[in-house]
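>>> Let's see this in three dimensions:
(2 chains, ligands or ions: 1)
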Amino acid sequence: MNIIGWLALAALAFGAGGCDVNDAPPLHSPEPLDVRLPRNFPPMFVPVDNPTTHEGVALGRKLYYDRRLSPDGSRACADCHLQEHAFSTPLVPGVLPHINLAWSWNFLWDGEFEGSLEEAMIMEVEEFFGTDVERLREPDLEEMFLAAFGSTEITTKRAAYAIAQFQRTLVSRNSRFDDYVADDEAALSESEYRGMELFYSERGECFHCHATSLFTDNRFHNIGLDADVEGTGRGAVTGRASDDGLYKTPTLRNVEMTAPYMHDDRFATLEEVIDFYSEGVIYSDTIDSLIPNVTGGGLQLTAQERLDIVAFLRALTDPVFLSNPDLAQP
Amino acid sequence: MRRNQAIAILVVLPLLLATGGCGGDAGATEAAVTIAFEHLANDVPIVLGSETPYTNAAGNEFGTTRLSYFVSALTLTLTDGTEVTASGAHYVDHETDETRTYVLPVGVATGDLAQISFVMGLGPDLNVTGAFTSPPESLMEWPEMMGGGYHYMKFEGRYVDDADEPFNFMTHSGGLNGTDYSFEVVLDATGREVTEGATFILEMNLEEWFADPDTWDLNDYFNETHRGIMGDADAQASLMANGATVFSLGAP
Ligand SMILES: [Cu+2]
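Below you'll find the model as predicted:
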């Protein structure tokens, strides 16, 4: 018998014992939500103390879009993380998108935060936002907390857990590349196909870092953006010189919608990014061993190869994700 | 895999029951055995980094930034012929201490050891796309366009090229387009004994990948036009041949 069953029995027992059951919290059982994944995705880890439920996700979504989450009511997560930009924005510097974060264990460009999705959301709510739970004690939200967690008690932890549940539904898996992988040979144009071949070859050398179906290895690399990397990036967090100039590999899913590019927004377009990998690579001590031709500027791609690879990157755009009403402002 | 295990249990269980379970004779005592992985270059333990402190047979100065690989089907053979195989693969990453010790998932009968053998990489039964769904193992993926499955090894670093400039090398091995380049390594272990808690040290001598029988001048394998060796069948076959002398057992 599950816990709810036992609770029901216990409640019956109390009832039979003549207690006043009217004050007892109503029995609740949020309805489990199963996030569907394609075969080539890794299994999604869901902690036992925060199962994904319809009610939890609904609350998380509500809070994500609700300015009451900030103590002065000035901002919501969605003010910087906009769905049409894959939950990033061109208007605020360096915003990372929210795509498939269910599989992340390193957060922020320099990995300042390491841990579970729940812990990351607690950090965002408690430290970044400094959420004041008093502000959330309003009937509409209390009702949603009750549905999601079984009581109207509102804590920053519960708010963060609900947002984590919502994050687990921000799964991008419906690009034309995914159609191709799912056996739709016609999903990619000839140029996109050539771009894919290049992406997964050692001539293009993209796949070791932008790895797996998530298009990120969740690790840190110096890709050769700057000559002087001392004390920057991951190194600023760990204090190790060998980490200087390293940044978290961003996913390339929906990269068409997340301009400008790199941790400091230095490139406005994907073409500029590819030109960088082709000619603009600058040697520094910590440059990654997966960057070819480090003292010769990089890949030296032909004009056609550049077009092809950009075309392939655009085939990673997921129109369902960008417009799914279930992820939009409730 | 899983089904084989299930069948194994079905077969073994009645046997155990029939022989009265654990109450057998003293000779059948089983020990937990650990394999510790150590990585050397020019006889010293490696330190990952951008420097190039080591030298290979061709005279290239090199250093290493990343080293990860799979060993599989690790087998201990005793002098009395007893053979125990740990099925499946073990992932080693120099950067992650936990991966550098492998507590064998099977008990080993105590007694005198004759040899330790294993497959460097993944044999065809294990080298199947989707076999590893989570990191770090899943990050060893080998592109579908080159036949799918997983890298056997990523051994990367920097060498000083003919122009006296630092150049990256990526000694990545794996099965290429259906050809399996994994190989069995057999190490003589006479004089060693399996006792409870025994640890055996498996050493990888990095410069040996580039020598014996084929001497690798890194300028030929990693240069402006030939950037890597994943798609190079000759290079994969050569690594397989050179691999025979890469491993040794550490001092007991
Ligand atoms: Cu590789």
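
>>> part of a helix, is A:A78?
Yes. The assignment for A:A78 by DSSP: H, G, I helix; E, B strand; the rest coil puts it in a helix.

>>> if I pick it, what's in contact with it?
With contact set as C-beta atoms under 8 Å, 6 or more residues apart in numbering or on different chains, A:A78 has these partners: A:Y64, A:Y65, A:F87, A:Q329. Quick note: C-beta positions are derived from backbone N, CA and C, even for glycine.

>>> which of these sit farthest apart?
A:F87 and A:Q329 (12.1 Å; C-beta to C-beta).

>>> if we can go back for a sec, of the contacts of A:A78, which is the most crowded?
Per-residue neighbour counts (other C-beta atoms under 10 Å in any protein chain shown) across the contacts of A:A78 peak at A:F87, which has 27 neighbours.

>>> That one contacts A:H98, correct?
Yes. With contact defined as C-beta atoms under 8 Å, A:F87 reaches A:H98; the gap is 3.6 Å.

>>> any residues in contact with both of those two?
A:H81, A:L170.

>>> For chain A, what is the nearest residue in chain B?
Of all residues in chain B, B:G228 sits closest to chain A, at 3.3 Å by C-beta to the nearest C-beta.

>>> residue contacts, that residue?
Counted by C-beta under 8 Å, 6+ apart, B:G228 has contacts A:E202, A:E205, A:P292, B:M170, B:H172, B:F222.

>>> again, but for B:F210
Counted by C-beta under 8 Å, 6+ apart, B:F210 has contacts B:N56, B:A57, B:A58, B:N60, B:W216, B:L218, B:N242.

>>> I'd say the fourth one and B:V160 touch.
Yes. Taking C-beta under 8 Å as the definition, B:N60 is a contact partner of B:V160 at 6.9 Å.

>>> Return the residues of chain A in contact with chain B.
Contact residues (C-beta under 8 Å from any C-beta of the partner chain) of chain A with chain B: A:39-40, A:42-43, A:196-197, A:200-203, A:205, A:207, A:211-212, A:217-218, A:242, A:283, A:285-296, A:300.

>>> Give me the buried entries from those.
A:40, A:42, A:196-197, A:200-203, A:205, A:207, A:211-212, A:217-218, A:242, A:285-294, A:296 (16 or more other C-beta atoms under 10 Å in any protein chain shown).

>>> Find the nearest non-adjacent residue to the one residue in chain A that gets nearest to chain B, please.
Closest approach between chain A and chain B, counting by C-beta to the nearest C-beta: A:E202, at 3.3 Å. Closest residue to A:E202 apart from its sequence neighbours, by C-beta to C-beta, 6 or more residues apart in numbering or on different chains: B:G228 at 3.3 Å.

>>> Go ahead and report the secondary structure state at that neighbour.
coil.

>>> So in terms of bridging, what pairs with whichever residue of chain B sits closest to the ion?
When scored by C-beta to the ion, chain B has B:H172 as its residue closest to the ion, at 3.3 Å. On the basis of DSSP bridges, B:H172 is bridged to B:K154.

>>> is it true that it touches B:H151?
Yes. Look at B:H172 against B:H151 with C-beta under 8 Å: they come within range, at 5.5 Å.

>>> can you give me the strands for chain A?
Ranges of strands in chain A, per DSSP state E, are A:106-107, A:113-114, A:220-221, A:247-248.

>>> Tell me which other helices or strands the second one touches.
Put plainly, it is strand A:113-114. Strand A:113-114 sits against strand A:106-107, with contacts defined as 3 or more C-beta pairs under 8 Å, 6 or more residues apart in numbering or on different chains; DSSP states H and E.
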